[in-house]
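Novice: Show me how the following folds:
(6 chains)
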4 protein chains.
Amino acid sequence: MKKNRPKYKQIIDAAVVVIAENGYHASQVSKIAKKAGVADGTIYLYFKNKEDILISVFEEKMGQFIEQIVYSTNKKDNASEKLLTLIEEHFHQLAEDLHLAIVTQLELRQSNTDLRLTINKVLKPYLDVIDEIIEEGKVENIFRENLNTPLVRQMIFGTLDETVTNWVMKDQKYNLEKLATEVHALITSGISKK
Amino acid sequence: MKKNRPKYKQIIDAAVVVIAENGYHASQVSKIAKKAGVADGTIYLYFKNKEDILISVFEEKMGQFIEQIVYSTNKKDNASEKLLTLIEEHFHQLAEDLHLAIVTQLELRQSNTDLRLTINKVLKPYLDVIDEIIEEGKVENIFRENLNTPLVRQMIFGTLDETVTNWVMKDQKYNLEKLATEVHALITSGISKK
Amino acid sequence: MKKNRPKYKQIIDAAVVVIAENGYHASQVSKIAKKAGVADGTIYLYFKNKEDILISVFEEKMGQFIEQIVYSTNKKDNASEKLLTLIEEHFHQLAEDLHLAIVTQLELRQSNTDLRLTINKVLKPYLDVIDEIIEEGKVENIFRENLNTPLVRQMIFGTLDETVTNWVMKDQKYNLEKLATEVHALITSGISKK
Amino acid sequence: MKKNRPKYKQIIDAAVVVIAENGYHASQVSKIAKKAGVADGTIYLYFKNKEDILISVFEEKMGQFIEQIVYSTNKKDNASEKLLTLIEEHFHQLAEDLHLAIVTQLELRQSNTDLRLTINKVLKPYLDVIDEIIEEGKVENIFRENLNTPLVRQMIFGTLDETVTNWVMKDQKYNLEKLATEVHALITSGISKK
DNA sequence: CATGAATGAGAATTCATTCAT
DNA sequence: GATGAATGAATTCTCATTCAT
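Specialist: This next block holds a predicted model:
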């Protein structure tokens, strides 16, 4: 299995750093190879083509990202706490790994081609987790039962995504993780008085 | 003034259509010129370079977009109604002009370079309008006075943006404009019961 | 006659300045037109094409240059004095008009095309003057009668040309005109002792 | 070291031929690549850009040219013989390689930009050799001790350069090498009788 | 006579991918 | 498995010249 050989991981990690430091369009295969300490041709023993590297970056890193969120939310026992935990973990993981945050929030979005489809596919389990929390909240009578789940999920994901992107673009001048409770309050209670 | 000569508008409009139909990376200058009915070289009498076309597309179209929203919200007399109007107009204008929606939600985001900075600059007045509505809501005692305005603005913008992007990517299978009141309710009241 | 109309001279003079200041390759027709204070299209009422401007610059300016040398040398009555006068006038005229010196010594040589042939054609009368002085010197028994006239002319012209070019390229840090007698001595007496 | 790999020399040699045959401005990179038997992209593994090819052509070919002259003059033991040898070698080498003569005398002079600076830099050692011969002649009491060395060098170089250029432009109708002694005589003894 | 907006041909360079060693 | 030299397709922009006004 190629994914278990050491150079596979080396190349993935090199790609994240190279893209974060140089930007999507200036990240040539040869640069990634150099950073990974392998020859250009070696890349093609592990990946079908350049796009396959990027897809794999997203799959590997997002896979872990989602796994961690699922693991953490599962330990909570009501929808509201699960939602808070999801927000906290979302912010925490991206705040911890700035390279990853830059790559996912800014750089990888510059791709067209299949990568954008793959991003959606990879993100699907995450969106499903959000959906499940919403549904659970309805059952637990914590959230309104007439909520339009996909729409609520778009609100939640859109809010988190926009918040992280702003933080990255503002050069991480403030503490992202501390915003979690405030974001959670906004989502659950809205902005209206009372 | 170049911007008032007819070919300027012709080229801008041709660019929107070409980008929407071919995607950002497959939109050669020669394609835009052909669609606009001018010679390749004519493009360069009106625009400094290719990127300048894209920046101008965004400035012109977003300028109108924002103007329309400001105009409409100003006619309402409380923050909540203004917010609803802003959401309605946001959805309405993009639903009305699918080419524009594709370009702003998907294609233009693939650029790096100056365009991304310009996008932020152009968007600024829109974000300011949102901020003003939030502040007004606090004064009118409709919104909680301790709201973190930038964060709320990120929630609002992130939610609208994600909602429109989903609608575009789902091939506009549903009515975007009808979601406005629901989105407004989510933002004002949140998802919690009571 | 076009050559007598004021704009003809305006354009020629503008061309010399534009080429001297911007270099041959950066001297667009539009720049020359602007400096001359006429519209781009007006250039084509006076000149067949861009090359015709350059040819005319050389013809007009070199015509005067040669005329002045012929006039001055004719006033002398032996070949040696004529040669000295020729050198003095050659240096004097180019030292007086730096723009012209830059254009003739550096910029116009970057052309290929017909201009290079024309340069030779325009220069012909000058080379003929040199030939005549050499022949006269033989008759006057001042110069050796077995001199290879074309070769001597090449030595004279090559020496003057190289000297002026060096002076232009060295930013005219020294007095070109003062070199005339020394150059004359070298040509007439050579470098050998005795 | 790139300069020692065979394709480096192939490309340099192809460039000389292509420029000589097509002229400076009609020498596209793709033409040079084709003549060299390599892909267009391969050029850029060996040269930074098109101008770098031209600079390298001049450096390589002129380097050899000068080396040969230094080698030959060093075998002579007085300044006058060294000067004669320099003239003979100068004419000999360019007469032997017509492509090179066309390129150095006509085509490369059409460039502006860095190439012209490089030409001067590369030529410097040659001009230094001439200066040394002049100085040596003074010491040996063969040349006048009050000679202005830079000026004499300009006479010598200007004469040789003009002579070769004339020969190239006159389609090499006569034997350039046979002119060496005559040119040497003119430089050493001048044109005056006695 | 004069204008200046419009034209459109033409070339350098990058970089993902291959394959002989 | 690993290497890295070689490949070659694909696109922006400039500027001399024209011609309708």
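Novice: Return the residues of chain A in contact with DNA strand F.
Specialist: Residues of chain A lying close to DNA strand F by C-beta under 7 Å from any atom of the strand are A:Lys2, A:Arg5, A:Lys7, A:Val38, A:Ala39, A:Asp40, A:Gly41, A:Thr42, A:Tyr44, A:Leu45. Bear in mind the C-beta positions are built from the backbone N, C-alpha and C, glycine included.
Novice: Strands - which of those residues land there?
Specialist: Using DSSP state E to define strands, no part of these is located there.
Novice: buried subset of those residues?
Specialist: A:Lys7, A:Val38 (16 or more other C-beta atoms under 10 Å in any protein chain shown).
Novice: export the residues of chain A next to DNA strand F to a markdown table and tack on distance to C:Leu98 and pLDDT?
Specialist: Formatted as a markdown table, these follow (distance: C-beta to C-beta, whole Å; pLDDT from 0 to 100):
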| residue | distance to C:Leu98 | pLDDT |
| --- | --- | --- |
| A:Lys2 | 70 | 72 |
| A:Arg5 | 70 | 81 |
| A:Lys7 | 65 | 91 |
| A:Val38 | 59 | 96 |
| A:Ala39 | 57 | 96 |
| A:Asp40 | 54 | 95 |
| A:Gly41 | 58 | 95 |
| A:Thr42 | 61 | 96 |
| A:Tyr44 | 61 | 95 |
| A:Leu45 | 65 | 95 |
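Novice: from the residues of chain A next to DNA strand F, which is closest to DNA strand F?
Specialist: A:Gly41 (1.8 Å; C-beta to the nearest atom of the strand).
Novice: So that closest one versus A:Phe47, what's the distance?
Specialist: Using C-beta to C-beta, to the nearest Å, we find A:Gly41 at a distance of 12 Å from A:Phe47.
Novice: likewise A:Tyr71?
Specialist: Where A:Phe47 is concerned, A:Tyr71 sits at a distance of 28 Å (C-beta to C-beta).
Novice: So for those two, which residue has more residues nearby?
Specialist: A:Phe47 (21 against 11; other C-beta atoms under 10 Å in any protein chain shown).
Novice: Residues of chain A that sit close to DNA strand E?
Specialist: So far as C-beta under 7 Å from any atom of the strand goes, chain A lies against DNA strand E at A:Ala26, A:Ser27, A:Gln28, A:Val29, A:Ser30, A:Asp40, A:Gly41, A:Ile43, A:Tyr44, A:Asn49, A:Lys50, A:Glu51.
Novice: Correct me if wrong: the fifth one contacts A:Gly41.
Specialist: Just to be clear, that refers to A:Ser30. No - A:Ser30 is not in contact with A:Gly41 according to C-beta atoms under 8 Å; the separation is 10.4 Å.
Novice: Please identify the buried residues of the lowest-mean-pLDDT helix or strand in chain A?
Specialist: When the helices and strands of chain A are scored by mean pLDDT, DSSP states H and E, helix A:113-139 comes last with a mean of 90. Burial within helix A:113-139, assessed by neighbour count using 16+ other C-beta under 10 Å, is assigned to A:115-116, A:118-119, A:122, A:126-127, A:129-130, A:132-134, A:136-138.
Novice: contacting residues around the spatially most central residue of chain A?
Specialist: Centroid check for chain A by C-alpha atoms, centre = their mean gives A:Met62 as the closest residue, at 5.3 Å. In this structure, A:Met62 makes contact with A:Thr104, A:Val122, A:Leu123, A:Tyr126, judged by C-beta atoms under 8 Å, 6 or more residues apart in numbering or on different chains.
Novice: next one: phi and psi at A:Asn78?
Specialist: phi -140, psi 160 (degrees, to the nearest 10).
Novice: Do a quick rundown of the helices in chain A.
Specialist: Assigned by DSSP state H, chain A shows helices spanning A:6-22, A:29-36, A:40-46, A:50-74, A:79-96, A:98-102, A:113-139, A:149-169, A:180-189.
Novice: I'd like the distance between the closest residue to chain D within chain A and B:Pro150.
Specialist: Nearest residue of chain A to chain D (C-beta to the nearest C-beta) works out as A:Ser30 at 12.2 Å. Distance of A:Ser30 to B:Pro150, given as C-beta to C-beta: 41 Å.
Novice: burial of A:Leu179, as a residue count?
Specialist: A:Leu179 has 21 nearby residues by other C-beta under 10 Å.
Novice: wait, it sits on A:Val164?
Specialist: No - in this structure, A:Leu179 is not within contact of A:Val164 by C-beta under 8 Å, at 9.6 Å.
Novice: Identify the contacts common to the two.
Specialist: A:Phe91.
Novice: Need the contact partners of stretch A:73-92.
Specialist: A:68-69, A:72, A:129-130, A:133-134, A:136-137, A:140, A:142-143, A:156, A:160, A:163-164, A:176-177, A:179-181, A:183-184, A:187-188, B:192.
Novice: Could you list the alpha-carbon positions for it in CSV?
Specialist: Output in CSV follows, covering the C-alpha atoms of stretch A:73-92 (Å, rounded to 0.1, in the frame of the first residue of the first chain):
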residue,chain,number,x,y,z
THR,A,73,-18.6,15.5,19.6
ASN,A,74,-19.5,11.9,20.3
LYS,A,75,-18.3,12.3,23.9
LYS,A,76,-21.0,15.0,24.5
ASP,A,77,-24.5,14.0,25.2
ASN,A,78,-26.8,16.7,23.8
ALA,A,79,-27.0,18.5,20.5
SER,A,80,-26.1,21.9,21.9
GLU,A,81,-22.9,20.7,23.6
LYS,A,82,-22.0,18.7,20.5
LEU,A,83,-22.4,21.9,18.4
LEU,A,84,-20.3,23.9,20.8
THR,A,85,-17.6,21.1,20.7
LEU,A,86,-17.7,21.0,16.9
ILE,A,87,-17.1,24.8,16.7
GLU,A,88,-14.3,24.6,19.3
GLU,A,89,-12.6,21.7,17.5
HIS,A,90,-13.0,23.4,14.1
PHE,A,91,-11.4,26.5,15.3
HIS,A,92,-8.8,24.7,17.4
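Novice: Give the rounded mean pLDDT of that stretch.
Specialist: Mean pLDDT, stretch A:73-92: 96.
Novice: Over to stretch A:169-182?
Specialist: Stretch A:169-182 comes out at a mean pLDDT of 95.
Novice: can I get the CA coordinates of it in PDB?
Specialist: Output in PDB follows, covering the C-alpha atoms of stretch A:169-182 (Å, rounded to 0.1, in the frame of the first residue of the first chain):
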ATOM      1  CA  MET A 169      -6.600  37.000   6.100                       C
ATOM      2  CA  LYS A 170      -6.300  39.300   9.100                       C
ATOM      3  CA  ASP A 171      -3.000  37.600   9.800                       C
ATOM      4  CA  GLN A 172      -4.300  35.800  12.900                       C
ATOM      5  CA  LYS A 173      -4.200  39.000  14.900                       C
ATOM      6  CA  TYR A 174      -6.700  37.700  17.400                       C
ATOM      7  CA  ASN A 175      -7.500  34.500  19.200                       C
ATOM      8  CA  LEU A 176      -9.700  32.400  17.000                       C
ATOM      9  CA  GLU A 177     -10.500  29.700  19.500                       C
ATOM     10  CA  LYS A 178     -11.900  32.200  22.000                       C
ATOM     11  CA  LEU A 179     -14.700  33.100  19.500                       C
ATOM     12  CA  ALA A 180     -16.200  29.600  19.800                       C
ATOM     13  CA  THR A 181     -18.700  30.300  22.500                       C
ATOM     14  CA  GLU A 182     -19.800  33.500  21.000                       C
END
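Novice: I'm done for today, thanks for sticking with me.
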